[in-house]
Each structure stands twice: as C-alpha cells, then as structure tokens.
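Novice: Any chance you can model this:
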Amino acid sequence: MSIRHFLDLSLIDARTLRAIVDTAHRMKRAGKIVPAALKPKGIETAVLGMIFEKPSTRTRVSFDVAMRQLGGQTIGLNHTDLQLGRGETIADTARVLSRYIDAIMIRANSHKTLTELAEHATVPVINGLTDKSHPCQVIADLMTFEERQGAIAGQTVAWVGDGNNVAASWVHAAGKFGFKLRIGCPPQLNLEPEVLEWIKLEKADVEVTDDPVEAVRGADCVVTDTWVSMGQTDAPRRKQLLGPYAVDQALMSKAAKGAIFMHCLPAYRGHEVTEEVLEGPQSAVFDEAENRLHAQKAILAWCLGA
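Specialist: The predicted structure follows:
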C-alpha cells in the first residue's frame, strides 16, 4: 500500500475526504474509548512524532491526545530539539525519523519543508500547519459546521479577512465537498495566485470580493482568523487593511438566520471579532476547538491504514 500522506485537501480525492469527516463524527460519538473498528491495525505499538517549528496549543494537544486515545504513543519535538536547528537537511531528518516512528506531524514555517519531508519519508507525513495551508483545521471546521447546520454540500460559507493559509484550505474544501464559498478580503491580502488558479481549474464554487457585507450576505456560516499570524512583521499595515473586515454583530446580521460563527483560535477580541460575537449564541468556536481532537483521530486512522 502506498504511503498515505495528509498534506493538503487538494491532493486527496473527495470520497476519501468525506470518509475522514464521517469517521471524525463517529470518533466523537464514541468518546475517549475508540472502538476497535475505527482503529488502525497495530496502533498499540505505533508512535507519532510531532515536530513544531511554530508554537502551538490546539495542534500539539489534540494530536497528542488523539494518538493516545487511539492506543498509540507520541513524541513531541521542537525545532531546536532536532539537528535541523543545526543545519541537518530535511531529507536526512525524514530518512532517520522514518526508521524510528510510524508517522510524522509537522507544524512548519514553510510549506517547502513539509513537501520535502514527505518526499523523503517512508512513513505518513501530516500537515499540522504551514504558511500555505491548514488542512487539519478545516477537517475539524467541516465537522463543526455539520454538527450545527447539517450536511455541508450545497450550503454557503463566508470567509472574511486575510486570504491566508486557512482560507486556502477552505477553498480546497469547497471544491471537494460541493459547497459555495464566498471570500471577502482586501485586494492587498487576497488568496495566493496558485489558489486562485486552482479555483479556475477545479471549477470550485468560490467567489472573491473586497466587500465583507457581500461576502456574508445570506451565508450559513461566517469564518474569520487572526489578522497577524506568527512570523508576520507588518502588523500595523495588516490591521489597517483588515479593520473594515472585523466580524461584529452588524456584519453577522447580514448572514442567514441561524448562521454560525467560526474562528480557529487564538482570537483577539476587538480586532478580527468582537466579544459579543465570539461569546454569543451563534459562536461555535469552542466546539470547533474540541473537534480538532476528533478530526486528528480520523486523520491519523486514515494515514495509518484504518
């Protein structure tokens, strides 16, 4: 069997992605004791290596607990714990780690690091976040949407703010799961050119506008993210550009009745979202955060052959 890397939603067929989300739902219903039918064979002796070039709360804890609930073990490694921090190549690191462990999750600064690691690893590699995409987050987001709003196919999601890595994974999800995605962002912070090209090639139902109200109007879900991601150095410029895209109750009122709000966290109240929205009845952010755990279990199970 070929290695099952989980690098980007765009690289995995729609049927498989649908099955991963369905498994995540079943994992949540099962609770902490995962049924044998949902576990990969040999998981009791499997070890997940987790590499962090960026700080993490949800990714680190959810992957650690997910692997433990499946019955396996984990080892967490910061960038400075590895010889990567002293110049060893990604290729050599991949070859060595593949001799020790059964899967690698990496939270990387550069998408190139992820792809090079996967190219040389002989075990599954999982994208825990890069500067280009965040597919694990969006699996949890899809799961959260469906808990609140029903099957996502045919529904409308609005993304408001920076056309960043999470937005890119939402684009890929729209193309794979058959829902409409409207993105409202300033032109200066639009989606990357390769993501816009992917929309055209895949004929995904994605519209991009610079009008946040137009993006949100009638949507079943409104999603945003922090304005300044880790490592970005142009905070004043970004805050100025994104000010009109803050999600407040007035903007949420333009969405469909019963629409939900999501944010992958950490959230900065009073910037990209108001306290009223984040803590209000439409907010699903803490269910969304919990669902990272169940999504990671489903991703791990698929990567390891369940």
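Novice: quick one: residue 67 from residue 182, how far?
Specialist: 36 Å (Cβ to Cβ, to the nearest Å). Where you see a C-beta, it was placed from the backbone N, CA and C, and this is true even at glycine.
Novice: pLDDT on the longest helix along the chain, on average?
Specialist: If you go by DSSP state H, the chain has its longest helix at helix 285-303. For helix 285-303, the mean per-residue pLDDT is 98.
Novice: What segments of the protein are strands?
Specialist: 47-52, 73-78, 103-107, 125-129, 156-160, 180-184, 206-209, 221-224, 260-263 (DSSP state E).
Novice: Reformat those as TSV; add mean pLDDT and mean neighbour count.
Specialist: As requested, these are exported to TSV (pLDDT from 0 to 100; neighbours: other Cβ atoms under 10 Å):
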stretch	mean pLDDT	mean neighbour count
strand 47-52	97	21
strand 73-78	94	16
strand 103-107	97	27
strand 125-129	98	28
strand 156-160	98	27
strand 180-184	98	24
strand 206-209	98	18
strand 221-224	98	27
strand 260-263	98	24
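Novice: quick one: which of the ones you listed is nearest residue 115?
Specialist: Closest to residue 115 of the strands of the chain, according to Cβ to Cβ: strand 125-129, at 8.9 Å.
Novice: picking that back up, so how far is the longest helix of the chain off the chain centroid?
Specialist: Centroid separation for helix 285-303 versus its chain: 10 Å, with Cα atoms, centre = their mean, to the nearest Å.
Novice: Stretch 239-246 too?
Specialist: The chain centroid and the centroid of stretch 239-246 are separated by 23 Å under Cα atoms, centre = their mean.
Novice: contact partners of it?
Specialist: Contacts with stretch 239-246, where a contact means Cβ atoms under 8 Å, 6 or more residues apart in numbering, come from 160-162, 184-186, 188-189, 212, 224, 227-228, 271-274.
Novice: and the residues you listed, which of them are in helices?
Specialist: In this view, the contacts of stretch 239-246 that belong to helices under DSSP H are residue 212.
Novice: from the contacts of stretch 239-246, which is closest to residue 145?
Specialist: Distances from residue 145 to these, taken by Cβ to Cβ, are shortest for residue 224, at 14.5 Å.
Novice: what is the closest one paired to in the beta sheet?
Specialist: Counting by DSSP bridges, residue 224 forms beta bridges with residue 263.
Novice: Settle this for me: it is touching residue 161, isn't it.
Specialist: Yes - using Cβ atoms under 8 Å, residue 224 makes contact with residue 161 at a distance of 4.6 Å.
Novice: which residues touch residue 174?
Specialist: Contact analysis of residue 174 by Cβ under 8 Å, 6+ apart lists 157, 180-181, 204-206.
Novice: What does the pLDDT read for it?
Specialist: 98.
Novice: The one 3 residues further on now?
Specialist: Note on residue 177: pLDDT of 98.
Novice: and if you look at residue 101?
Specialist: As predicted, residue 101 sits at a pLDDT of 98.
Novice: try residue 54
Specialist: For residue 54, the model assigns a pLDDT of 89.
Novice: Help me confirm that it comes into contact with residue 113.
Specialist: No - between residue 54 and residue 113 there is no contact under Cβ under 8 Å: 11.1 Å.
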